[in-house]
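1. Sequence and predicted structure, then a few things I'm wondering about:
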2 protein chains.
Amino acid sequence: MSGEHERAAAPRERLDRHRILVAAVAMIDESGLGELSMRSLGRSLGVEAMALYRYVPSRESLLDGVVELVVDEMYADPLMHLLPEDDWQDYVVRLAHGVRRLALRHPQVFPLVATRPPAAPWVRPPLRSLHWIESFLAGLLSHRFTEQQAVDAYQAVSSFLLGHLLLEISAMGVDVVAVEENGTTGQEPDPGAAVGSYPVLLRLAPLLAAGHFADEFDASLANLLHRIAPGAATQG
Amino acid sequence: MSGEHERAAAPRERLDRHRILVAAVAMIDESGLGELSMRSLGRSLGVEAMALYRYVPSRESLLDGVVELVVDEMYADPLMHLLPEDDWQDYVVRLAHGVRRLALRHPQVFPLVATRPPAAPWVRPPLRSLHWIESFLAGLLSHRFTEQQAVDAYQAVSSFLLGHLLLEISAMGVDVVAVEENGTTGQEPDPGAAVGSYPVLLRLAPLLAAGHFADEFDASLANLLHRIAPGAATQG
DNA sequence: ACCTGAACACCGTTCAAGT
DNA sequence: ACCTGAACACCGTTCAAGT
């Protein structure tokens, strides 16, 4: 009996910013953002909520830290780095799949990545790791992209990833149950929105719920690569 | 002196679900989602918070209502309807611009449109007005689209709008101030993220902050139309 | 140095009571 | 029928106090 009982939630290691962020991500992954409060997070770490304020100035900045953590987790993968000798198209593909894996691994966190105001207020596009943006831009510039082309490519890739992955993630939440019934899945929010009154929607429901996202992702990505290539015609 | 003093915020009209939603949208537009509480919303209507529960079952469903309201506001525009004799490509362009105007008019509300779980759980893609989806699908089906093609088109258009508009909206929030200084815009969140250490980012800051979103939107949209046309080759 | 207890000003929500 | 007061179980955050 040397002191370690299995206590409420957490052992006696000292607190630390990284440990806090990891716990926060785990909590969001498990139960969604709604369940994450300073108090519940403290509890999961075996500590009172107030202790967290030594390491994190506010709940808002905690969420910023969460986004940073998952994005940098992906960036840590050496596959995600563009070396001068690399094929840039291959790099963009690796990067896109890396972000996709991130989104699928942390579907509850990803909307946060997409909607939080970024670290550098004047960059604004999402996927906010500055590391990431720097490496992307520098990489393309070393591959015959002009500055404008590199910025355009960055924005095109960002918005592609944002749109596709938010869509795919939101489709993940579907319970394919109870579509056949008659469109009434328990309680419809309000009678005006009853699905029964939208015949096409009802008929195409299985197709809409299915979605071959992986294929569509790759096909659209291939198309995107073609569009942003420095050789491509710039239409207005 | 017939009874109307200029009171705290609102007159004596009886409450009603629509009035509540309109007030909620106004409040989010003005001060952001963070400022919207049942209590503050009640106050802005000259009523105690508890009165709202006669018309809205919960805060969550209030937010659903807000999304519905702004989406249907756009849908009310007759330009947004696809008639059998219309050119479908022209329709998709009108629709896309309609959604874009919506996003630019309510930039604080749009992320809600993008991230809220939709009314019909098995449809999932965002832009959640069932009216809207029904009309889109029915329209394309009457223009030689197969069911699968119509669904693909719906998902492609959705994710395009999502990605582009979230990006553009987030760029709207930029204060172009203080980029030249030295990259330190008051308080940097954490020293590791100091912008000074990312030279390319710093150099391209003006380009990143500018963004010719309207042009890019149209160019990408044109490309999208080409991709989803029923004649196009289906690559995997 | 690191954590806690108590406190403050808020939340969303319920329900009996007022008009 | 429609709204309110009081109450409950929560929040985020501050700060003096404990160890």
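-> Looks like it arrived, so ask away. Residues are numbered from 1 along each chain as shown, chains lettered A, B, ... in the order given.

2. give me the element the closest residue to chain B within chain A is part of.
-> For chain A, the residue closest to chain B is A:G163, as judged by Cβ to the nearest Cβ, at 2.8 Å. All C-beta atoms are positioned from the backbone trio N, CA, C, and that covers glycine. Using DSSP states H and E, the secondary-structure element containing A:G163 is helix A:147-172.

3. For A:L225, the count of nearby residues, please.
-> For A:L225, the neighbour count with other Cβ atoms under 10 Å in any protein chain shown is 19.

4. Contacts only, for it.
-> By Cβ atoms under 8 Å, 6 or more residues apart in numbering or on different chains, A:L225 lies in contact with A:89, A:92-93.

5. Reformat those as a markdown table; add secondary structure and distance to A:S58.
-> Converted to a markdown table, the contacts of A:L225 look like this (DSSP: H, G, I helix; E, B strand; the rest coil; distance: Cβ to Cβ, whole Å):
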| residue | secondary structure | distance to A:S58 |
| --- | --- | --- |
| A:Q89 | helix | 41 |
| A:V92 | helix | 36 |
| A:V93 | helix | 38 |
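
6. pLDDT (mean, whole number) over the helix holding A:G163?
-> Per-residue pLDDT over helix A:147-172 has a mean of 90.

7. Any stretches of chain A with poor pLDDT?
-> Where chain A drops to pLDDT under 70, the residues are A:1-12, A:117-129, A:173-196, A:232-236.

8. repeat that for 50
-> Applying pLDDT under 50 to the predicted model, the residue ranges of chain A that meet it are A:1-8, A:10-11, A:120-126, A:174-193, A:235-236.

9. how about the helices in it?
-> Under the criterion DSSP state H, chain A carries helices at the ranges A:17-31, A:38-44, A:59-75, A:88-105, A:110-115, A:130-141, A:147-172, A:199-210, A:213-228.

10. For B:R14, find the nearest of the ones you listed.
-> Distance to B:R14, taken as Cβ to Cβ, is lowest for helix A:199-210 among the helices of chain A, at 34.8 Å.

11. name the helices or strands packed onto the closest one?
-> Contacts defined by 3 or more Cβ pairs under 8 Å, 6 or more residues apart in numbering or on different chains; DSSP states H and E place helix A:199-210 against helix B:130-141, helix B:147-172.

12. In CSV, please show the C-alpha coordinates belonging to it.
-> In CSV, the C-alpha atoms belonging to helix A:199-210 read as follows (Å, rounded to 0.1, in the frame of the first residue of the first chain):
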residue,chain,number,x,y,z
PRO,A,199,-41.0,13.9,-52.2
VAL,A,200,-37.7,14.2,-54.0
LEU,A,201,-35.8,14.6,-50.8
LEU,A,202,-37.5,11.6,-49.4
ARG,A,203,-36.8,9.5,-52.5
LEU,A,204,-33.1,10.4,-52.7
ALA,A,205,-32.6,10.1,-48.9
PRO,A,206,-30.5,6.9,-49.2
LEU,A,207,-28.2,8.5,-51.8
LEU,A,208,-27.9,11.7,-49.7
ALA,A,209,-27.1,9.7,-46.6
ALA,A,210,-24.6,7.5,-48.3
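
13. Could you list the buried residues of it?
-> Taking 16 or more other Cβ atoms under 10 Å in any protein chain shown as the basis for neighbour counts, the residues of helix A:199-210 that come out buried are A:200-202, A:204-205, A:207-209.

14. Include distance to A:A138 when you put those into JSON lines, please.
-> Formatted as JSON lines, the entries for the buried residues of helix A:199-210 read as follows, by distance: Cβ to Cβ, whole Å:
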{"residue": "A:V200", "distance to A:A138": "48"}
{"residue": "A:L201", "distance to A:A138": "46"}
{"residue": "A:L202", "distance to A:A138": "50"}
{"residue": "A:L204", "distance to A:A138": "45"}
{"residue": "A:A205", "distance to A:A138": "46"}
{"residue": "A:L207", "distance to A:A138": "42"}
{"residue": "A:L208", "distance to A:A138": "41"}
{"residue": "A:A209", "distance to A:A138": "41"}
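
15. Can you tell me the centre-most residue of chain A?
-> Centrality entry for chain A: nearest residue to the mean C-alpha point is A:F110, 2.6 Å, by Cα atoms, centre = their mean.

16. show me what contacts that one?
-> A:102-103, A:165-166, A:169.

17. wait, which of those residues is closest to A:V157?
-> For the contacts of A:F110, the residue nearest A:V157 by Cβ to Cβ is A:L165; the value is 11.9 Å.

18. How is chain A divided into domains?
-> Taking automatic domain parsing as the domain assignment, the record places the domains of chain A at A:1-57, A:78-234.

19. What is the burial count for A:H97?
-> 16.

20. oh sorry, the question was meant for A:V70
-> A:V70 sits with 22 neighbouring residues when counted by other Cβ under 10 Å.

21. With the one 4 residues further on instead?
-> A total of 21 residues lie near A:M74 under the criterion other Cβ under 10 Å.

22. so how far is DNA strand D from it?
-> For A:M74, the distance to DNA strand D equals 26 Å [Cβ to the nearest atom of the strand, to the nearest Å].

23. Does that residue touch A:M80 like I think?
-> Yes: judged on Cβ atoms under 8 Å, A:M74 makes contact with A:M80 at a distance of 6.4 Å.

24. which residues do the two both contact?
-> When contacts are counted by Cβ under 8 Å, 6+ apart, the set common to A:M74 and A:M80 consists of A:G98.

25. Identify the residue nearest the residue of chain A closest to chain B in space, chain neighbours excluded?
-> Nearest residue to A:G163 in three dimensions, chain neighbours excluded: B:G163, at 2.8 Å (Cβ to Cβ, 6 or more residues apart in numbering or on different chains).

26. I figured the one you found hits A:L161, correct?
-> Yes: because the distance of 7.3 Å satisfies Cβ under 8 Å, B:G163 is recorded as touching A:L161.

27. hmm, back to that, turn the helices of chain A into JSON lines, columns for distance to B:R54.
-> Written out in JSON lines, the entries for the helices of chain A read as follows (distance: least, Cβ to Cβ, whole Å):
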{"stretch": "helix A:17-31", "distance to B:R54": "31"}
{"stretch": "helix A:38-44", "distance to B:R54": "31"}
{"stretch": "helix A:59-75", "distance to B:R54": "32"}
{"stretch": "helix A:88-105", "distance to B:R54": "40"}
{"stretch": "helix A:110-115", "distance to B:R54": "31"}
{"stretch": "helix A:130-141", "distance to B:R54": "49"}
{"stretch": "helix A:147-172", "distance to B:R54": "31"}
{"stretch": "helix A:199-210", "distance to B:R54": "31"}
{"stretch": "helix A:213-228", "distance to B:R54": "42"}
